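**Q** let me see the structure of the following:
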Amino acid sequence: MGTAYIGLGANLGDRFETIEWAIDRLGALGTVDAVSGIYETEPLHVLDQPRFLNAVARVKTALRPESVLAGLLAIELDAGRTRAIRHGPRTLDLDLLLYDDQVIHTSDLTLPHPRLHERAFVLVPLNEIASSLFVPGLELTVSQLLVRLDSTAGVASYTPDP
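**A** Numbering: from 1, shown residues only. Reported below is the predicted structural model:
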């Protein structure tokens, strides 16, 4: 069994419902044994788009990293994800952030996620469920990476309207 950390994001449609749906769907890949709170975040790169909701889930899985990635892409497709604009709006974005202590660089998969350490919308929720997790290749824990981040501005806890 391996441990995968999955980043979840959505900024189109009912963002909260989509994140909840995706967390449920991650069960097809293994056992979801931890989920961070949900955070509302400012978009990056393409600024003229709705705010995102983001979270991180930990999944215990018997699948290899490549199979986890394939499963994530299938879940995105089921959610209606299209890739029309790089960094643009999306119904659902699922990123394989880490898988055990594996470091992988192929044309299809890079682990740890190559921009993990630059993104508050990933590090804040990841820190919530795995602060002492050592990130291979970066030689720091998640909490140490979060401290080194320039800013966590634009990342706020999210509570859905009743």
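**Q** make it CA atoms for all contacts and neighbour counts henceforth
**A** Noted.
**Q** determine the longest helix present in the protein.
**A** Criterion DSSP state H: the longest helix present in the chain is helix 65-78.
**Q** so what strands line up beside the helix or strand following that helix?
**A** Elements were assigned by DSSP states H and E; along the chain past helix 65-78, the next helix or strand is strand 93-99. Strand pairing for strand 93-99, using DSSP bridges, gives strand 2-10 (antiparallel).
**Q** give me the angle between the next helix or strand after the partner strand and strand 2-10.
**A** Going down the chain from strand 2-10, the next helix or strand is helix 15-25, by DSSP H and E. Going by axes from the mean of the first three to the mean of the last three C-alpha atoms, to 10 degrees, helix 15-25 is angled at 160 degrees with respect to strand 2-10.
**Q** tell me how far helix 15-25 is from the chain's mean position?
**A** 12 Å (C-alpha atoms, centre = their mean, to the nearest Å).
**Q** what helices or strands is the helix or strand bottoming out on mean pLDDT in the chain leaning on?
**A** Least confident element among the helices and strands of the chain, by mean pLDDT, DSSP states H and E: strand 155-157 (a mean of 87). Contacting strand 155-157 under the criterion 3 or more C-alpha pairs under 8 Å, 6 or more residues apart in numbering; DSSP states H and E are the following elements: strand 39-41, helix 120-130.
**Q** please consider this matter closed, and thank you.
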